[in-house]
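> build me a structure from this.
(chains A, B, C and D)
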Number of protein chains: 4
Amino acid sequence: MIKAGIIGATGYAGAELVRLLTNHPDVEIKWYGSRSYIEQPYADIYGSMFEIVDADCDGEDLVELSKTVDVIFTATPQGYLLGALNEEILSNAKVVDLSADYRIKDAQRYEEWYKIHHTTPEFLEEAVYGLCEINREDIKNARLIANPGCFPTCSVLSLYPLVKEGLIDENSIIIDAKSGTSGAGRGAKVANLYCEVNESIKAYGVTVHRHTPEIEDQLGYAAGHELTLNFTPHLVPMNRGILVTAYASLKEGVTQEMVDLAYQKYYQNEKFVRFLKGAKAPETRNVKGSNYVDVNAVVDQRTKRVVAMGAIDNTVKGAAGQAVQNMNIMFGLREDAGLEAIPMVF
Amino acid sequence: MIKAGIIGATGYAGAELVRLLTNHPDVEIKWYGSRSYIEQPYADIYGSMFEIVDADCDGEDLVELSKTVDVIFTATPQGYLLGALNEEILSNAKVVDLSADYRIKDAQRYEEWYKIHHTTPEFLEEAVYGLCEINREDIKNARLIANPGCFPTCSVLSLYPLVKEGLIDENSIIIDAKSGTSGAGRGAKVANLYCEVNESIKAYGVTVHRHTPEIEDQLGYAAGHELTLNFTPHLVPMNRGILVTAYASLKEGVTQEMVDLAYQKYYQNEKFVRFLKGAKAPETRNVKGSNYVDVNAVVDQRTKRVVAMGAIDNTVKGAAGQAVQNMNIMFGLREDAGLEAIPMVF
Amino acid sequence: MIKAGIIGATGYAGAELVRLLTNHPDVEIKWYGSRSYIEQPYADIYGSMFEIVDADCDGEDLVELSKTVDVIFTATPQGYLLGALNEEILSNAKVVDLSADYRIKDAQRYEEWYKIHHTTPEFLEEAVYGLCEINREDIKNARLIANPGCFPTCSVLSLYPLVKEGLIDENSIIIDAKSGTSGAGRGAKVANLYCEVNESIKAYGVTVHRHTPEIEDQLGYAAGHELTLNFTPHLVPMNRGILVTAYASLKEGVTQEMVDLAYQKYYQNEKFVRFLKGAKAPETRNVKGSNYVDVNAVVDQRTKRVVAMGAIDNTVKGAAGQAVQNMNIMFGLREDAGLEAIPMVF
Amino acid sequence: MIKAGIIGATGYAGAELVRLLTNHPDVEIKWYGSRSYIEQPYADIYGSMFEIVDADCDGEDLVELSKTVDVIFTATPQGYLLGALNEEILSNAKVVDLSADYRIKDAQRYEEWYKIHHTTPEFLEEAVYGLCEINREDIKNARLIANPGCFPTCSVLSLYPLVKEGLIDENSIIIDAKSGTSGAGRGAKVANLYCEVNESIKAYGVTVHRHTPEIEDQLGYAAGHELTLNFTPHLVPMNRGILVTAYASLKEGVTQEMVDLAYQKYYQNEKFVRFLKGAKAPETRNVKGSNYVDVNAVVDQRTKRVVAMGAIDNTVKGAAGQAVQNMNIMFGLREDAGLEAIPMVF
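Numbers count the residues shown, from 1 in each chain, chains lettered A, B, ... in the order given. All right, here's what the predicted structure looks like:
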């Protein structure tokens, strides 16, 4: 059994890690790290875990933790791992970081968008961006995984075949994303109260959202050169799910058939990416609670654009599920171990 | 008192007309037309109207109705008014049509998008597109109002200043729209059941939605020439509200200040259009139950694009409210009579 | 114009007062008191009020306020008015208190249930319990109104005819109540976050909820002697609305017809109380946004019990709307002034 | 591998059976019966099953089906199995009926409450009421399981220890139940549209709901004699979940400790029933997507009553999950096989 520790186990991403790892056939959770609830029974925070998890919440001492487990998941606020990571930890245990701290290879670019000083840029080079379907080989031998953001996971997988195959003008990309409210975290903020979110939709972080450079970097790697794009997230009154609707100008002569072939090329052997084909539009409910990504792309010859769409569960493929998938790859387990859940469509 | 008749009074747009007109100081509803509930008490269909509306539902005889009222509202399916309208009706009463039957000036274009044969194109020329803030003068003397669609209302008002002032490349427009579920109507369809809509979001009508030509026409009139654009609606798990997030490429040298001035120019004297300015993003809850439209536009110098946003209540400004506003203008009433409701933010 | 001041104008009850009073034909709001947002534009807190309310938030100095207005609404936490009220204030302005501070006539009973020391019991006798339909005459001359709680309003009005007419065994009453989430207030608590409330229902305050003695007192007055009952509130994933389902044992020989006559006797001339009759069950959507109370009672001869039901909008008839109704009565205005809103059923 | 067939596989209970059985280690689904979607790909009805279920929908020929499978699940409307069941079917395959057709032992009582003529009462005696925790031994050898209703499952398990141990006056029981909307089924009815259910709560079937006799029967068996009670269901704007809040008069001298011991006695060895103890109230989110039942009971010495509460997922423990649990017991499998899912709390 692989021993796992979680830092930030009482946040929504952390809770989803607990849910997935508790049922994982090869993993045992040894550490339920929490800043706010130390020594309280974990099941007092999440009543769903009553009689399932008996442990109390632990603290956040990463070095101590690294000596007792094989893998550490950090589901922590931006900046936490910057200050906490060191060589000793990485030599003791593998680390899957669900924050953005090591996702942007250029420390200065990180600082510009995150307004946080990057104190440990020495780990940036070895950190592997854990988008499993794209970087599987590099993940196998990684010590440090920068687990992708929820929006970047959905955005990149929705557009990757188009960019990689050169079917679109990369600088024409516009990504309009919609997220369930768990993406806003479990902090006690007025803006996330039930009555503030329910029965409404709004954009936020317009032109300045932090996931923008992450998406640009990853699609730029696929394109072979830097690109810029527009990314606008929206808050939707639902618990889970991200839907991406992306637009781009088609290169001359590109047809629906060419687009379909591109998606099939990259995804036909990927269990977790389902290419819907035809006129079907991804729906977040179809992936709810699961690690699936549903994608499709519709060519509009009238406007010479393509509309690419993708749906994920932000807390699974967009966070905890992909973290487990990364762990599975790193430890040579079956890639879908612990991730067999079928979407709970209603 | 102006005597009003409603055809389609038991659908959601019709019910909203009943709600608004019942409290209108200058109007008396004389006819609650319904195909499905004839002779049933209206308050049996909408329990909210118990002891407020005592009438039973009436039938759908337009000619008869036109003899007894001053204004007829048709909140009916596409094609109904095509077959029912005639000169006698229009000479008896003013007609505000909430369907799309007379919105597209080119009958062939209507037929292409709606797959319905246009049988009464002779009324197309005189029909006035009832987007009050843009066509106020023409509305005053109209006999037949083509009340704008919910998405077109929000889309056009969100982009009008940019197009009219020539600040953007018109053929670069992409409109990503999100709608509450009342927009899908009150028909008994599995797709609109609570458990099918709740906790999910999806696009629909991708590249082929019928509101596309209506938006293109209206923005084309503003631009002074035809244009094409992408329009993608999404279904959101909430009762009311439309949010439009629109993207367009800025013309060389256009600044945030120029954009702000354009919105102020067209909207500073419009009660129902609120230009938010600054970094504020419209939220549908801020206009819920009211006739307001909240708009804003953010310039992104990094990508040379503008993100224009708008929020309306689809059943008020997007349907019944604007219909009442049109009636007010046609009958020389105060334009906001019966429309003073303050948004019910939660 | 009556000059009104609100203490606690940025909470949900306060915001609803602002919404209702802004459209009230005879009232002008002069003071938007807020503890957290002093000197911030009110419309920055509630974007719905943009271009409708131009004022900034004021502080909470009751004495100063009482010199400038005719009526003060205190939408404040329990205990605030205990410490703030004095004779000077009451001689300057009428006070409608939306908290529970003066609802329980017995200070000791208040202290037992609220765990707060009652420091100004000298005002308890003159305070009038502002359940308008029951205490209208006393309200007319009151200086201090104890505006009823949301659950007590709905519970008492649902059961009043049965108790007053002696049709049930008063000590058999069981009240099972369900509330929308606005009842939990606008405080930033984890328990009220969207993802904690959505897609779930739970009871709270089982056997110990503070509204219990208030309901017992008021029904006891109707019965002519003290009584005890069970009251259990539940949190429902919706913004607004309270539904009460109450059970009681019928006295020997009581029929449905006798029950119906009792409800008609007390409510047939009450605009805001709608007795549904027959098999119809009240629904909170049928009163949403309005001051209506929908009630009904079904006799079950099989079990010799009656099931009494009532629905209100907790923020209107359960708080701000009833406060305005009390003000209207106190100032000799039309009782429904500012309260004509028709329910927004969807 | 056990071969299973499902009649009614496209309804909500049927879909949940598909979800659970697809991941069951010992079961293979051979038949996806559907009245409305014969020969259509199952994944076209539930997009969540794309690339997971490749089969098309089958018809509803029970005899044919019984020859090819080991167990048949009928997730069908009331009355279907009355007309379809015969000895041949039962000699071929075991049947788990999710409808109410064989739950009420007294055919006349069934007919009174269901208004359906019971045409095959000869199977009533052998049918075993599949409330697993109560009737486990009888289930082992059954051919025909009457799978309990969603409300009866939650109601009976919430009250069973109190009744069985004689701690309450059985004729004092009042059950106030709240259900998510999946309980209303997937039929295309206006009453179940999103905008009709959302943002509202109501009671339905007041004093006449069909689950009443089922609950009375089962609690009567526990008590050792017939009893009557009140049962009132409510429709809650959420997809899943049933919450029961039940009230009963305590027998003289009964204490909280005695109540706690009763619950521990019956449930301490039951994996799926979690007795919460203390002041904790069950929440439906804590069991969502799982087969758990969370129960608790609070003694109110002030009123001499007990408030018993229970929460289930109506589609799992209230339907498909319990059906699988019954199958597991009948076939000698591990009782929680295929039911290990951890609740998806948000």
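
> tell me which parts of the stretch 151-300 of chain A are close to chain B?
A:174, A:176, A:178, A:180, A:195-196, A:198-204, A:206-207, A:228-230, A:232, A:234, A:236-241, A:243, A:245, A:247, A:279, A:281-286, A:288, A:298-300 (C-beta under 8 Å from any C-beta of the partner chain). Using the backbone N, CA and C atoms, a C-beta is placed for each residue, glycine as well.

> ok, now with 7 Å
Residues of the stretch 151-300 of chain A lying close to chain B (C-beta under 7 Å from any C-beta of the partner chain) are A:174, A:176, A:178, A:195, A:199-204, A:206-207, A:228-230, A:232, A:234, A:236-239, A:241, A:243, A:245, A:247, A:281-285, A:288, A:298, A:300.

> residues in chain A within reach of chain C, list them.
Counting by C-beta under 7 Å from any C-beta, chain A sits next to chain C at A:12, A:181-182, A:186, A:188-190, A:192-195, A:197-199, A:239.

> just the buried residues from those residues, in PyMOL please.
Buried residues among the residues of chain A next to chain C (16 or more other C-beta atoms under 10 Å in any protein chain shown), as a PyMOL selection:
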select buried, chain A and resi 12+181+182+186+192+193+194+195+197+198+199+239
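
> does A:Leu227 really touch A:Asp217, like I thought?
No - with contacts counted by C-beta atoms under 7 Å, A:Leu227 stays clear of A:Asp217, the gap being 9.4 Å.

> what about the residue in the stretch 51-200 of chain A positioned nearest to chain D, how many residues close to it?
In the stretch 51-200 of chain A, the residue that lies nearest chain D is A:Glu51 (5.3 Å; C-beta to the nearest C-beta). Residues within reach of A:Glu51, counting by other C-beta atoms under 10 Å in any protein chain shown, total 14.

> using the three-state scheme, assign the nearest residue to it once chain neighbours are set aside.
Distances taken as C-beta to C-beta, 6 or more residues apart in numbering or on different chains place D:Arg274 nearest to A:Glu51, at 5.3 Å, with adjacent residues excluded. Recorded secondary structure, D:Arg274: strand (DSSP: H, G, I helix; E, B strand; the rest coil).

> go on, A:Val96?
Strictly by three-state DSSP, A:Val96 counts as strand.

> what's the answer for A:Gly14, then?
Recorded secondary structure, A:Gly14: helix (three-state DSSP).

> residues in contact with it?
Neighbour list for A:Gly14: A:Ile6, A:Gly8, A:Ala75 [criterion: C-beta atoms under 7 Å, 6 or more residues apart in numbering or on different chains].

> which one (most neighbours) among those?
A:Ile6 (32 neighbours).

> on that earlier part again, in CSV: the contacts of A:Gly14, plus secondary structure.
Formatted as CSV, the contacts of A:Gly14 follow (three-state DSSP):
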residue, secondary structure
A:Ile6, strand
A:Gly8, coil
A:Ala75, coil
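
> can you put these in TSV and add pLDDT?
Listed next are the contacts of A:Gly14 as TSV, based on pLDDT from 0 to 100:
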residue	pLDDT
A:Ile6	98
A:Gly8	97
A:Ala75	98
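
> which of those sits closest to chain B?
Distances from chain B to the contacts of A:Gly14, taken by C-beta to the nearest C-beta, are shortest for A:Ala75, at 22.7 Å.

> now do the strands in the stretch 1-150 of chain A.
Using DSSP state E, counting those that start in this stretch, the strands of the stretch 1-150 of chain A run over A:2-7, A:27-33, A:71-74, A:94-97, A:128-129, A:144-146.

> pretty sure A:Met258 sits in a helix.
Yes - secondary structure of A:Met258 (three-state DSSP): part of a helix.

> quick one: contacts for it?
Contacts of A:Met258 by C-beta under 7 Å, 6+ apart are A:Leu167.

> for chain B, what is the nearest residue in the stretch 51-200 of chain A?
Counting by C-beta to the nearest C-beta, the stretch 51-200 of chain A gets nearest chain B through A:Ser200, at 3.4 Å.

> A:Met1 against A:Pro25, yeah?
No - between A:Met1 and A:Pro25 there is no contact under C-beta under 7 Å: 9.0 Å.

> what's the spacing between the residue of the stretch 1-150 of chain A found nearest chain D and D:Gly289?
Closest approach between the stretch 1-150 of chain A and chain D, counting by C-beta to the nearest C-beta: A:Ser48, at 3.8 Å. As defined by C-beta to C-beta, to the nearest Å, A:Ser48 lies at a distance of 9 Å from D:Gly289.

> who touches both of those two?
D:Pro343.

> apart from its chain neighbours, what residue comes closest to the residue of the stretch 51-200 of chain A closest to chain B?
B:Arg285 (3.4 Å).

> please settle this for me: is that neighbour part of a helix?
Yes - counting by three-state DSSP, B:Arg285 is found in a helix.

> enumerate every residue touching it.
Neighbour list for B:Arg285: A:Glu199, A:Ser200, B:Val345, B:Phe346 [criterion: C-beta under 7 Å, 6+ apart].

> now list the buried members of the residues you listed.
Buried by 16+ other C-beta under 10 Å: A:Glu199, A:Ser200, B:Val345, B:Phe346, out of the contacts of B:Arg285.

> same list (those) but as CSV, adding secondary structure and pLDDT.
Below are those laid out as CSV (DSSP: H, G, I helix; E, B strand; the rest coil; pLDDT from 0 to 100):
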residue, secondary structure, pLDDT
A:Glu199, coil, 98
A:Ser200, coil, 98
B:Val345, coil, 98
B:Phe346, coil, 97
